[in-house]
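Asks: sequence and computational prediction follow.
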Amino acid sequence: MNRVPNPLIDQLAGDLAPVRPIRLIHGVALVALAAIATVILVEIMDGLWRGIVDGTANGLFFIANGMLGLLGAASALAVLKMASPRVGNSHEGARWSFAMLGLLPATALVTLAIGGSLASILADPYGMECMGAGVGFGLVTAAALVLWLRRGAPVSINAAGIFTGVAAGAIGSFAYGLACPIDTIGHLGIWHVLPVAIAAFVGRLVVPPLIRW
Amino acid sequence: MIADESALARLMVASQKGDANAYRVLLAEVQLWLERYFRRRVAPAQLDDLVQEVMMALHAKRASWDASRAFIPWLAAIARYRWVDHLRKVYRTAEDELGEHDAPEDSEEEAVLARMSLERLFVHLPDKQVEAIELVKIEGLSIAEASQRTGQSESLVKVNIHRGLKKLSALVEKAE
């Protein structure tokens, strides 16, 4: 047996102190708190749309915001797992959820193109506001996820950046979506999905330097 | 014999609680495991450095292991992460010393073994990227020598190494 004494082992053992191990459930609680805080922030700053409970909101409102919420949850879970890495993590759930969200802009573009009203997307007076708010409110979730990743040992740095952005954009857009009374496919499918794409791009650029170790 | 998954996991649980004796045993086992894991994945002269680097990473990130999950896949993910990092560093050195990079003086047999192992790991990469990485990383050829050997231009060798490493880094967790 080849067991050559290694001074590094003594050095590391001498430096050993108890640590509080990462628990996935704590990460889930952290993201849940961040999402709840985001919704409360939206209520304070803009006021949630009362049409959600009085029956004014149509089915598309629930489908679009439900998809955003689920994508946020799936992506956040992928990020939380990345902090405690393991060979064999593929994060397929988050990838498929992201692909599924693409149905919204695709449907918006196809239906508006067929109806000859594609230009109405750019003419939407509230589009930019919803997009900016979605990205902005996503910062709460982004901060929580970056903190978690910094505590952990992410080994898929770029993917962690992208999924942090996707989760933040999706949860931010979901939360702000609860305050937005416009429930047309042209508005929801474009302006409430764009924050996810923008946040994914920003996350890919900004998060890796913050979590590399 | 290297301890099995459950023994390593028990030692790691004790280590996270601050048990220095358990940690010494764990690190000794981890050292053996890493030596075996990397033996065919790096030039033999760089094996010790890489093993020590991963042991220090394990120490710094020991809180990131969740006891409800297996220990060895966690260790392997960290080992791969450091390994890709190591390949990047070797690449930078090779670029800096274009034309002056000496081949390691270890036996040809070791280099062949290293290459075989990488071929198994690199199944997700195009052949030209694998070839460029193997020649420059494992056999220690310069970019110019690798270019002559493969018939790829020097720029193409560099591009293939760069893209291959990028892809490898994306596969650290994913590839089983």
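Replies: The structure has been received and is ready for your questions.
Asks: phi and psi next, for the spatially closest residue to A:Ala57 that is not a sequence neighbour.
Replies: Closest residue in space to A:Ala57, ignoring its immediate chain neighbours: A:Gly51 at 4.8 Å, by C-beta to C-beta, 6 or more residues apart in numbering or on different chains. All C-beta spots, glycine's among them, are computed from the backbone N, C-alpha and C. Phi and psi for A:Gly51, reported as degrees, to the nearest 10, are phi -60, psi -20.
Asks: what about the strands in chain A?
Replies: Ranges of strands in chain A, per DSSP state E: none exist.
Asks: what comes up buried for the helix or strand of it with the lowest mean pLDDT?
Replies: None of the helices or strands of chain A scores lower by mean pLDDT, DSSP states H and E than helix A:119-123, at a mean of 85. Of the residues in helix A:119-123, A:Ile121 count as buried by neighbour count, 16 or more other C-beta atoms under 10 Å in any protein chain shown.
Asks: chain center to it, what's the gap?
Replies: Here helix A:119-123 shows a centroid-to-chain-centroid distance of 26 Å under the convention C-alpha atoms, centre = their mean, to the nearest Å.
Asks: just checking, what packs against it?
Replies: helix A:103-114, helix A:185-191 (3 or more C-beta pairs under 8 Å, 6 or more residues apart in numbering or on different chains; DSSP states H and E).
Asks: average pLDDT for the longest one?
Replies: Helix A:103-114 shows an average pLDDT of 93 in the prediction.
Asks: tell me which residues are up against it.
Replies: Residues outside helix A:103-114 that contact it (C-beta atoms under 8 Å, 6 or more residues apart in numbering or on different chains): A:64, A:67, A:118, A:120-121, A:185-186, A:188-190, A:192-193.
Asks: those helices in the chain, which residues are they?
Replies: Picked chain A for this. Using DSSP state H, the helices of chain A run over residues A:7-14, A:24-45, A:51-54, A:59-82, A:92-101, A:103-114, A:119-123, A:127-151, A:157-177, A:185-191, A:194-211.
Asks: hmm, I had chain B in mind actually
Replies: With DSSP H as the criterion, chain B has helices spanning B:5-16, B:20-38, B:47-60, B:71-96, B:108-121, B:127-133, B:143-150, B:154-171.
Asks: possible to save the ones you listed as JSON lines with mean neighbour count, distance to A:Val146 and mean pLDDT?
Replies: Listed next are the helices of chain B as JSON lines, based on neighbours: other C-beta atoms under 10 Å in any protein chain shown; distance: least, C-beta to C-beta, whole Å; pLDDT from 0 to 100:
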{"stretch": "helix B:5-16", "mean neighbour count": "18", "distance to A:Val146": "23", "mean pLDDT": "93"}
{"stretch": "helix B:20-38", "mean neighbour count": "20", "distance to A:Val146": "29", "mean pLDDT": "92"}
{"stretch": "helix B:47-60", "mean neighbour count": "19", "distance to A:Val146": "18", "mean pLDDT": "93"}
{"stretch": "helix B:71-96", "mean neighbour count": "20", "distance to A:Val146": "18", "mean pLDDT": "80"}
{"stretch": "helix B:108-121", "mean neighbour count": "15", "distance to A:Val146": "30", "mean pLDDT": "47"}
{"stretch": "helix B:127-133", "mean neighbour count": "21", "distance to A:Val146": "32", "mean pLDDT": "87"}
{"stretch": "helix B:143-150", "mean neighbour count": "18", "distance to A:Val146": "37", "mean pLDDT": "89"}
{"stretch": "helix B:154-171", "mean neighbour count": "19", "distance to A:Val146": "20", "mean pLDDT": "87"}
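Asks: will you turn the ones you listed into JSON lines that also has distance to A:Ala144?
Replies: Output for the helices of chain B, formatted as JSON lines (distance: least, C-beta to C-beta, whole Å):
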{"stretch": "helix B:5-16", "distance to A:Ala144": "23"}
{"stretch": "helix B:20-38", "distance to A:Ala144": "31"}
{"stretch": "helix B:47-60", "distance to A:Ala144": "22"}
{"stretch": "helix B:71-96", "distance to A:Ala144": "23"}
{"stretch": "helix B:108-121", "distance to A:Ala144": "35"}
{"stretch": "helix B:127-133", "distance to A:Ala144": "37"}
{"stretch": "helix B:143-150", "distance to A:Ala144": "44"}
{"stretch": "helix B:154-171", "distance to A:Ala144": "24"}
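Asks: can you redo the ones you listed as JSON lines with distance to chain A?
Replies: As requested, the helices of chain B are exported to JSON lines (distance: least, C-beta to the nearest C-beta, whole Å):
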{"stretch": "helix B:5-16", "distance to chain A": "5"}
{"stretch": "helix B:20-38", "distance to chain A": "4"}
{"stretch": "helix B:47-60", "distance to chain A": "5"}
{"stretch": "helix B:71-96", "distance to chain A": "4"}
{"stretch": "helix B:108-121", "distance to chain A": "11"}
{"stretch": "helix B:127-133", "distance to chain A": "18"}
{"stretch": "helix B:143-150", "distance to chain A": "25"}
{"stretch": "helix B:154-171", "distance to chain A": "7"}
